[in-house]
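Engineer: Task: produce atomic coordinates for the following.
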Amino acid sequence: MMNFVTHHEEAILEANIDGDVTIEDIKEMERLFYELKAAHKKVKMLFVIKNASIKGNALIADVHFDLKNWRHFDKVAVVSDKRSVAVVTRLMSKLPKTDMKHYSLSDITEATTWVQT
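Structural biologist: Numbering: from 1, shown residues only. As a prediction, this is how the structure comes out:
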């Protein structure tokens, strides 16, 4: 399940993830992202992941969304204590024109501050 918070004045889309991610979650993320993108050239993303499981159509939709919109991300902060999330975030941060960082859950304040700047 994903819960979203939008910070319109700062062009930040925050996604709090704890449980199974569904296709409906991905569609809601897209809707909110495009709403922010319409008001700002780029969108900052803050993902707070406690537990996450994404499979099937939801995974395909998420990858499609990422590839389609990568150039419209300003910064991406990923907050999680999951080792697999940290590894994927570090690998993705090596892509050209990518400003992405991983933080542990205990560093959420630092992650929030970084994505706001």
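
Engineer: average pLDDT across the helix ranked longest in the chain?
Structural biologist: When the chain is scanned for its longest helix (criterion: DSSP state H), the result is helix 23-39. Averaged over helix 23-39, pLDDT sits at 97.

Engineer: other SSEs contacting the next helix or strand after that helix?
Structural biologist: Toward the C-terminal end, the helix or strand that comes next after helix 23-39 (DSSP states H and E) is strand 43-54. Judged by 3 or more Cβ pairs under 8 Å, 6 or more residues apart in numbering; DSSP states H and E, the packing partners of strand 43-54 are strand 12-21, helix 23-39, strand 73-80, helix 108-116. Every C-beta, even on glycine, is put in place using the N, C-alpha and C of the backbone.

Engineer: Which positions in strand 43-54 come out as buried?
Structural biologist: By 16 or more other Cβ atoms under 10 Å, the buried positions in strand 43-54 come out as 43-49, 52, 54.

Engineer: Assign a three-state SS to Gly5, would you?
Structural biologist: Careful, residue 5 is Val; it's not Gly. Here Val5 is recorded as strand under DSSP: H, G, I helix; E, B strand; the rest coil.
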